[in-house]
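Q: Have a look; sequence and predicted model below, questions after that.
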Amino acid sequence: MSSAPTFENITEKAIKWLYTNWPNMKKMDMQCTANRYDFPDYVCTYIEDNWVKVNNKNGGTYQKPVLEEEKTFGIKIQESTVYQAMDESNKQATNVMANEGMAAAVKHMFTDQDTGRQLTYGEMRARFG
């Protein structure tokens, strides 16, 4: 007997559905977009619970949070030919951005991964271009 889906599984599934079907979506409303294009219920619930509601028009208009946009940008880089040409340090920084957002990626790039010491701007640029 399988167990009930977890919150994390449903969230991952909703994010994957949105990225696969609507990769550039930044703002949407429930009536004209979600209902018209048959968004699954779990995706609508994810949007209502995790995106920013900007108004009540058309069943509610929602905007993707900045952190989610940053993660989507990181994922797009991972899937590009540019990523394949990167050195390991830049790939690691891109992976951090795709998983945790831009602030975490910047923190990662300004931290020596061996010692934990904060890098100067010049040191960071020497490592990451």
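A: Received it, and whenever you're ready, just let me know what you need.
Q: who touches Ala34 in this structure?
A: Met28, Val43, Cys44, Ile47, Gly59 (CB atoms under 8 Å, 6 or more residues apart in numbering). From N, CA and C alone the C-beta is placed, and that goes for glycine too.
Q: Among these, which ones are in strands?
A: Those of these mapping onto strands are Met28, per DSSP state E.
Q: Of the contacts of Ala34, which pair is most distant in space?
A: Val43 and Gly59 (14.1 Å; CB to CB).
Q: just to revisit the earlier point, drop the exposed ones from the contacts of Ala34 and show what's left.
A: Met28, Val43, Cys44, Ile47 (16 or more other CB atoms under 10 Å).
Q: Tell me the one among those residues nearest to Val54.
A: Of all those, the one with the least separation from Val54 (CB to CB) is Met28, at 10.4 Å.
Q: Chain neighbours aside, what residue packs nearest to the closest one?
A: In space, and not counting its chain neighbours, Met28 is closest to Tyr62: 6.0 Å by CB to CB, 6 or more residues apart in numbering.
Q: helices and strands around the helix or strand harbouring that neighbour, which ones?
A: Element membership for Tyr62, per DSSP states H and E: strand 61-63. Applying 3 or more CB pairs under 8 Å, 6 or more residues apart in numbering; DSSP states H and E, we find strand 61-63 packed against strand 27-29, strand 52-55.
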